[in-house]
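[1] Any chance you can model this:
(4 chains)
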There are 4 protein chains.
Amino acid sequence: MSENVGTTLDVAVFGAGRIGRIHAANLARASGVRLKYVIDVNQAAAAALAAQHGAQVADIDVALGDASIGATMICSSTDTHSELILKSAAAGKHIFCEKPVDLTLDRARECAQAVERAGVVAMIGFQRRYDPTFAALKARLDAGEIGTPEMLVVTSRDPGAPPVEYIRRSGGIFKDMLIHDFDIFRWILDDEADTVHATGSCLSDPAIAEAGDIDSTAVTIRTKRGRLCQINTARRAAYGYDQRFEILGSDGMLQAGNVKPTEVVAWSKSAVSQDVPEAFFLERYRAAYALEMAHFHDAVTKGAPVRTTVADGLKALELAEAAALSWREERVVKLGE
Amino acid sequence: MSENVGTTLDVAVFGAGRIGRIHAANLARASGVRLKYVIDVNQAAAAALAAQHGAQVADIDVALGDASIGATMICSSTDTHSELILKSAAAGKHIFCEKPVDLTLDRARECAQAVERAGVVAMIGFQRRYDPTFAALKARLDAGEIGTPEMLVVTSRDPGAPPVEYIRRSGGIFKDMLIHDFDIFRWILDDEADTVHATGSCLSDPAIAEAGDIDSTAVTIRTKRGRLCQINTARRAAYGYDQRFEILGSDGMLQAGNVKPTEVVAWSKSAVSQDVPEAFFLERYRAAYALEMAHFHDAVTKGAPVRTTVADGLKALELAEAAALSWREERVVKLGE
Amino acid sequence: MSENVGTTLDVAVFGAGRIGRIHAANLARASGVRLKYVIDVNQAAAAALAAQHGAQVADIDVALGDASIGATMICSSTDTHSELILKSAAAGKHIFCEKPVDLTLDRARECAQAVERAGVVAMIGFQRRYDPTFAALKARLDAGEIGTPEMLVVTSRDPGAPPVEYIRRSGGIFKDMLIHDFDIFRWILDDEADTVHATGSCLSDPAIAEAGDIDSTAVTIRTKRGRLCQINTARRAAYGYDQRFEILGSDGMLQAGNVKPTEVVAWSKSAVSQDVPEAFFLERYRAAYALEMAHFHDAVTKGAPVRTTVADGLKALELAEAAALSWREERVVKLGE
Amino acid sequence: MSENVGTTLDVAVFGAGRIGRIHAANLARASGVRLKYVIDVNQAAAAALAAQHGAQVADIDVALGDASIGATMICSSTDTHSELILKSAAAGKHIFCEKPVDLTLDRARECAQAVERAGVVAMIGFQRRYDPTFAALKARLDAGEIGTPEMLVVTSRDPGAPPVEYIRRSGGIFKDMLIHDFDIFRWILDDEADTVHATGSCLSDPAIAEAGDIDSTAVTIRTKRGRLCQINTARRAAYGYDQRFEILGSDGMLQAGNVKPTEVVAWSKSAVSQDVPEAFFLERYRAAYALEMAHFHDAVTKGAPVRTTVADGLKALELAEAAALSWREERVVKLGE
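    Residues are numbered from 1 along each chain as shown, chains lettered A, B, ... in the order given. Reported below is the predicted structural model:
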């Protein structure tokens, strides 16, 4: 494990795309953090992000070979995640990695073992757990406000489908989009899946079906304790990014609603109207991304227990695999069957 | 006082217009009530309403001269209210009268004295006090939920101005429209006005100004105990009938919101929308009108204390006079000055 | 078919329980309707309801043998529905029957054929379709406001489980409770089920499990056109009767929310609060029940096409059977398999 | 005017209290800004803020005598505002000054003249105009969404009264608290006051009355064009900081609602509850403060026209004076009388 981790932290950022820039800016805000290297196959993007933070453009080996680097932030494309996790762990660097760990379970398990052996901090980017609304709901649930949780309904809809090229390399909707919802399920119900049923359709764009994928899903999970969860997702909600869930407990219900840009209410001849939700994940989870990085910083510099681990990433991936199997074979799948 | 008041009640209805028809139908629903006479200068309207309830068209003297009549319902035009109150009281009939008692204070005081002397039940149609939302708010206020009431804000807007002919005979906006709001003020703050300030403008239709009236008002009342009330009214709200108030207390606030026809929420590309409020008083106060008549029936047949008395009508009228004076003379008016 | 159907209608009411009394009062409000007979094994209940409407207590044969009777209202216990439908049809009476038609598909099909042969009006009590909120949503959906419907999420929760004796005779949660939700599904998505998956648990009361039933379900339906529907139900929601659904379309979403008793909003030190929903179906669907009877009256007296037919009852029952099978065998069930 | 204003900006901050720290942090975020001096009679506070930004503690003369300083931020106590404005203007520095300009009109006018003569950018801290909700409402109003504005209702309540020592030096509630509401009035109605009426009471704490002030006010303004405005304020709202307004126009209404910390909705046996509003101005106007500083930076470095000028500060102060006079003399006051 890197020796120079204390209250200051030198960091290498892999991936200078949209999410890499956000994470970099958030982490850099913590006192004592220095972004030292930016690594990206897109050299221009790497250079721009490096310039913004006074960092250098580098390659993987240089970054991981520098003993002063305490942590890596893996924000590159999904197919590079596991390699960078394994190399970072081998180099004794603490790791923040965007979801998913990998598109295959075997490889993801290998990563889990590697970080455990290396004894490094390893955190997966399930940013929703850090969202103020979701986190407040979870705290109230844990405080017993609605008794025992019994049934969870998750609504998770994107404002529009990504390009079909993206979908082709995404691993499918269950791994690409529902991976977050599966994590929400485990976190909120505090239980593991016993069986999963998934169905779906391609309703928005035939090109998605041609790519072997679907754009709308309906998933049901029954947990080992008999709790129930229903997840409905769509790649396209005309009104924007829809991120809600509700948990019914023995003594009441808690709902997490969408976040609006403003609190303006307009009364016209025909309707009383409010804003549509925040446009997409960058806006909706702005606060969550900042709190997520603050947590990573705490985990690395103060030893705070990581709240979204590689094991969580693995479990969500197992659910995604099971759901995909259920959808393909049109049957109920038992986890671990 | 009429001898045949018991659990059955024969009634004479004065006025077969919109509000007369509603009150008649509501009262007729009570068991033991018989609408016996309908009186209206518009004979066709009288005949239609009478037919609907198996009643007879009659004139004032016949109706009041019939000893079997236990109660009169005065739903005719404002300029007939006081005469019908005085005659009904003289004949020993119980009285329900629409607001206002009269457009002049002297005449209204005469009515108050007459009904007191006659010992009859006399109730004024301040239906808002019977509205389920308003009444629930008042009950919670009285139960101490928000401590001591301190400040009341009343929003009271019509969907559109009436014809200017109506406005000319209306007694002006303060007596015609705000009379209800002044009653809400006294009821909710449970206090009497010390000073009143009113201002206003004619913003929707110049014809209203030509008729010597205004269509928008801003009224402030300070009570004897120092509590504050602000009332804003408009003859025209493009989005419909707007009937809200909120009361700030030492421990919190209670708001009474508008009532919507349905609970549909529509999420479109541009907005998240709900229904505009119920269109006008007939829809908005449908439940209130029914409960009001049930209360009148209880007052007459079971001796329940009347909740909206002629004295309440007088007090609201005094406030309307003071507000009109304040507006005309652009000064603060002390009640009873 | 009964000859005396015109603008007047003599009616026989089977079942003087809670729902029978509501339907009787609503139908009696229509002009020209006379409740002539009340039939109930509970003679006291029959007598009370008869007295209220000036009707007579009778037995089945007398009621159906009276040629003046134009329609029967079947509000008795579920196990009597099919017999009374068959007998009413045979006697040429128009029929209103509470859901479900019967607990077995064969018997329900027999009823469907009988009413068709008899040419009588036959309406099933799926009152939700008449609810002002649900009906307004459906009208806006049909008008194309959100484009093509794609995904429906139904939340349907009772405020508390009925006595286990009731549950034992109920036919199970799918036939007893979800029958309404299956009808909502067909009505809103305007499509038929291709496959259904159901799972569930007994989470509130072990006695329900001992009776062979569950109290919480999660159902997913995929339609012939690939549309998706998720239904979540619970016998016990601590906060009351929860009746919501939302339909995602290609251009937006429409939600039907709960109905509150009042529009009071309370701001305290700790929360901004509104009323919990209307307590249970009698309160929640008060308006729906009235509109339902008005529709039945129109169907019988004016030939208006029946909006909730025996065929609809059959389809909902098929879904309930399929869902129960899916739950018991833990597999996806194809309709008509 | 200071010569070194370009894309980089050296700044002196007067006042290292709560609001000074916020403005300093927000301004420092802009690229090219350097906090060079912090000046405060509380040396410890000055040192702490200086340390945080790599600035130096200085006194007024040193700071204003340094030709490299392009702008001053006046966040010190109200009684120092005008002196620092005058000195900053004399030194050719651009000025950001917290409200109010001064507690006396003469002195405030002197400041307005001084900044105009000096030709410096001078901006007053009416942060509410920069609030995302308020600014969005204003933009929609200006775009004509509700036609011509006619009536404004402002609700402005603090979560609790400040210490009476603060109140004694505050200039009274109209200058201290309503100054913001008077600015909102002018900004939203886009009109100037013709007459003002104010009344008020001391309802929360007798010590406030002993200090010659009140804690609850009700103000009515009629504009030169006949538009109406009602403002209700209270020093203590048990449920927190309440900052709402609504503007009725000829074609509809726009409301600006409170901002909640989270979007959690809790359904319990007794209520459906949401969060109380953000606690106080630091939380409620967090985004507004950041946008305000970004605007100041744009004004200084890019010549963007200042949106909240010293003239705006003067106008709000005139209204505060008029309102205080109206309250004291219990009469309607004509502006400029």
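[2] Please make it C-alpha for all contacts and neighbour counts, starting now.
    Noted.
[3] Stretch A:262-279 and chain D, any residue contact?
    Yes: for stretch A:262-279 and chain D, the contact criterion (C-alpha under 8 Å from any C-alpha of the partner chain) is met by A:262-269.
[4] Those residues: which ones sit near chain B?
    A:267-269.
[5] on that earlier part again, just give me the closest of the residues of stretch A:262-279 next to chain D to chain C.
    Among the residues of stretch A:262-279 next to chain D, A:Glu263 lies closest to chain C (C-alpha to the nearest C-alpha), at 15.4 Å.
[6] A:Gly313 touches A:Pro100, doesn't it?
    Yes: if you go by C-alpha atoms under 8 Å, A:Gly313 and A:Pro100 touch, sitting 6.5 Å apart.
[7] Tell me how far A:Lys315 lies from A:Met73.
    21 Å (C-alpha to C-alpha, to the nearest Å).
[8] what about the two, which has more around it?
    A:Met73 (25 against 21; other C-alpha atoms under 10 Å in any protein chain shown).
[9] And the helices in the stretch 151-300 of chain A?
    Assigned by DSSP state H, counting those that start in this stretch, the stretch 151-300 of chain A shows helices spanning A:164-168, A:173-176, A:178-189, A:206-210, A:281-284, A:286-302.
[10] Let me see the residues that make contact with the third one.
    In this structure, residues lying in contact with helix A:178-189 by C-alpha atoms under 8 Å, 6 or more residues apart in numbering or on different chains are A:100, A:126, A:128-129, A:138, A:149-150, A:152, A:154, A:156, A:192, A:227, A:229, A:231, A:233, A:247, A:312-313, A:315-317, A:319-320.
[11] circling back: which of the residues of stretch A:262-279 next to chain D sit farthest apart?
    A:Thr262 and A:Lys269 (21.3 Å; C-alpha to C-alpha).
[12] which of those two has more neighbours?
    A:Thr262 (22 against 17).
[13] these two touch, right, A:Asp102 and A:Glu83?
    No: applying C-alpha under 8 Å, one finds A:Asp102 not in contact with A:Glu83, separated by 9.3 Å.
[14] In strands, which of the contacts of helix A:178-189 appear?
    A:149-150, A:152, A:154, A:156, A:229, A:231, A:233, A:247 (DSSP state E).
[15] Around chain D, pick out the residues from the stretch 151-300 of chain A.
    A:251-259, A:261-269.
[16] Show me the subset of these that also lies near chain C.
    Okay, of these touching chain C (C-alpha under 8 Å from any C-alpha), that's A:251-253.
[17] How about the contacts made by the closest residue to A:Thr195 other than its chain neighbours?
    Leaving aside its chain neighbours, A:Thr195 sits nearest to A:Lys334 (4.4 Å; criterion: C-alpha to C-alpha, 6 or more residues apart in numbering or on different chains). Residues near A:Lys334 by C-alpha under 8 Å, 6+ apart: A:194-196, A:322.
[18] Quick check, A:Ala323 in contact with A:Val196.
    Yes: at 6.2 Å, A:Ala323 counts as touching A:Val196 under the criterion of C-alpha under 8 Å.
[19] Tell me who's in contact with the closest residue to chain D within the stretch 51-200 of chain A.
    Residue nearest to chain D within the stretch 51-200 of chain A: A:Thr133 (4.7 Å; C-alpha to the nearest C-alpha). A:Thr133 sits next to A:256-257, D:261-264 when contact means C-alpha under 8 Å, 6+ apart.
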